[in-house]
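*Asks:* take a look and give me a structure for this.
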Amino acid sequence: MKNEHPISVTKLIIYTIMPLQRPITGFFLFFAGIAIGITLRSHLKDFSFTYSLDPQLSLPNPLPLTSLWSPTQETTTDSGNMGTVKINNFMGQDHKEDDDQDLINRVLKMDPPVIRGSTPAGKVAFLFLTKGSLPMAPLWEKFFEKHKGNFSVYVHTNPLYNWTLPKDSVFYGSIIPSKLVEWGKFNMIEAEKRLLANALLEPTNQRFVLLSESCIPLFNFQTIYSYLMGSAQNFVEAFNQPGPSGIGRYKRSFKPLVFPAQWLKGSQWFTINRDLATTIVSDSEYFPRFRNICGSATCHADEHYLPTFVNLRFAHKNSNRSLTWVDWSGGGMHPRSFFRTHVTVEFLKGLRNVRSCEYDEEKRAVCFLFARKFLPNSLVRLMKFAPKMMRF
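*Replies:* From the prediction side, this is the model:
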């Protein structure tokens with residue numbers, strides 16, 4: 001792509017030699033000007049090309065995601081804004097492994113939450129595991145609107161990412177102390193555990209939903225809240241898969257803790273209750289073994305640790321399915337992505353009625369509450385169709 005305002009090398013030369021009085025100095029700066037001009041032109045071309053690839057440029061009036069609020073600013077939980085959980089001044093500080101253990105110790109020292117009444121009550125914690133920004137934030141803002149007190153939001157992002165949000169945003173103050181996460185690496189499991197631990201510090205959080213930056217809701221908040229709170233099951237996908245992308249990832253060094261027949265695979269996008277969340281965070285048996293083995297080998301622990309662990313410890317309380325729809329029909333290592341042109345009313349309706357499934361031993365038409373992977377340029381149409389169709 002050409003620069004809209006390329007720097008003229010000729011102008012640089014003219015501006016360089018105009019004030020010169022002495023021939024020798026002018027001769028030297030003449031060639032220096034040529035060198036500077038060529039260098040600047042080359043760098044600006046590279047900058048223009050890189051900048052044009054930013055998917056957020058196509059978004060009309062996105063939330064401001066450009067610079068970070070001051071690391072010394074203290075944000076606290078606002079009792080008048082229960083939907084936002086604010087973390088106190090961590091940005092700009094090194095987040096060490098000891099910090100994770102301290103966080104886990106704080107969770108384990110907590111008193112069990114007291115649930116009053118005949119039915120479970122509390123908040124749903126939405127855990128966003130992102131690479132950087134949240135392109136779908138405007139859609140989620142609309143989804144959360146008017147439901148403060150029934151949800152909490154936590155975001156784990158690249159620790160180098162700068163993010164500024166208005167104070168009235170549900171995402172303001174929701175970023176937790178984060179570390180670098182790499183696709184297919186064990187540090188993704190560590191990030192999930194970090195999100196859960198932060199969310200468990202709030203005793204009213206009773207359900208925990210892991211989402212990515214490309215996830216969208218398929219129903220309004222009331223429907224999703226009732227679906228999650230009304231079920232006694234966890235939603236962690238777990239199944240046996242032969243071949244190199246399943247049992248082929250198993251390592252013999254897992255024995256005798258995990259045998260080949262117990263090695264399961266599933267989507268990392270889970271929905272779990274507080275009991276299971278606490279068990280995952282406090283796991284000191286399977287987690288270290290997976291970290292030691294998969295930290296130096298290609299195990300893809302994000303697809304195997306939780307399915308295997310949950311099946312061994314919570315099989316009777318797990319539905320063995322995920323509530324997040326994704327399209328793997330194209331094959332390969334990554335699911336299909338959806339652009340602006342894919343988003344239609346018919347397409348969204350289809351996602352809401354993909355198939356029937358069991359919900360607490362009953363057949364239900366609603367199987368998925370969320371869907372992915374939607375690219376940033378699909379936001380315009382999602383904002384146009386989703387609120388009307390989903391009634392939020």
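
*Asks:* so who does Leu228 touch?
*Replies:* Residues in contact with Leu228 (C-beta atoms under 8 Å, 6 or more residues apart in numbering) are Val124, Arg207, Val209, Thr271, Leu369. For every residue, glycine as well, the C-beta is placed using N, CA and C.

*Asks:* turn those into a markdown table, columns for secondary structure.
*Replies:* As requested, those are exported to a markdown table (DSSP: H, G, I helix; E, B strand; the rest coil):
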| residue | secondary structure |
| --- | --- |
| Val124 | strand |
| Arg207 | strand |
| Val209 | strand |
| Thr271 | strand |
| Leu369 | coil |
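
*Asks:* out of the residues you listed, flag the one nearest to Tyr172.
*Replies:* Taking C-beta to C-beta as the measure, Tyr172 lies nearest Val124 of these, at 18.6 Å.

*Asks:* would you list the phi and psi of the residue most central in space within the chain?
*Replies:* What sits nearest the mean C-alpha location of the chain, by C-alpha atoms, centre = their mean, is Leu129, with 2.3 Å. Backbone torsions of Leu129, given as degrees, to the nearest 10, read phi -100, psi 110.

*Asks:* tell me how far the closest residue to it other than its chain neighbours lies from Leu180.
*Replies:* Distance criterion C-beta to C-beta, 6 or more residues apart in numbering; nearest residue to Leu129, sequence neighbours excluded, is His156 at 5.2 Å. According to C-beta to C-beta, to the nearest Å, His156 stands 11 Å off from Leu180.

*Asks:* who has more neighbours, the two?
*Replies:* Neighbour comparison, His156 and Leu180: the larger count goes to His156, with 24 against 11 (by other C-beta atoms under 10 Å).

*Asks:* and the more buried one, what does it touch?
*Replies:* Here His156 is in contact with Leu127, Phe128, Leu129, Thr130, Ile175, Ile176, Ser178, Val181, Ala191, Arg194, Leu195 (C-beta under 8 Å, 6+ apart).

*Asks:* mind running it again at 6 Å?
*Replies:* Applying C-beta atoms under 6 Å, 6 or more residues apart in numbering, we find His156 in contact with Leu129, Ile176, Ser178, Ala191, Leu195.

*Asks:* restricted to strands, list those.
*Replies:* Residues of these located in strands (DSSP state E): Leu129.

*Asks:* I'd like to know which of the contacts of His156 are part of helices.
*Replies:* Ala191, Leu195 (DSSP state H).

*Asks:* turn the contacts of His156 into a markdown table, including distance to Lys148 and pLDDT.
*Replies:* A markdown table is the format used below for the contacts of His156 (distance: C-beta to C-beta, whole Å; pLDDT from 0 to 100):
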| residue | distance to Lys148 | pLDDT |
| --- | --- | --- |
| Leu129 | 23 | 97 |
| Ile176 | 20 | 94 |
| Ser178 | 25 | 93 |
| Ala191 | 26 | 96 |
| Leu195 | 21 | 97 |
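
*Asks:* among the contacts of His156, which two are most distant?
*Replies:* Within the contacts of His156, Leu129 and Ile176 form the most distant pair, 10.5 Å apart (C-beta to C-beta).

*Asks:* can you check the pLDDT for Tyr51?
*Replies:* On pLDDT, Tyr51 comes in at 26.

*Asks:* count the residues that sit near the residue nearest to Glu285 when sequence neighbours are not counted.
*Replies:* Once flanking residues are discounted, Glu285 sits nearest to Leu257: 7.1 Å by C-beta to C-beta, 6+ apart. Neighbours of Leu257 under the rule other C-beta under 10 Å: 15.

*Asks:* from Ala277, how far off is Leu257?
*Replies:* From Leu257 across to Ala277, the span is 22 Å (C-beta to C-beta).

*Asks:* what is the nearest of the contacts of His156 to Ser267?
*Replies:* For the contacts of His156, with Ser267 as the reference and C-beta to C-beta as the criterion, the closest is Leu129, at 12.8 Å.
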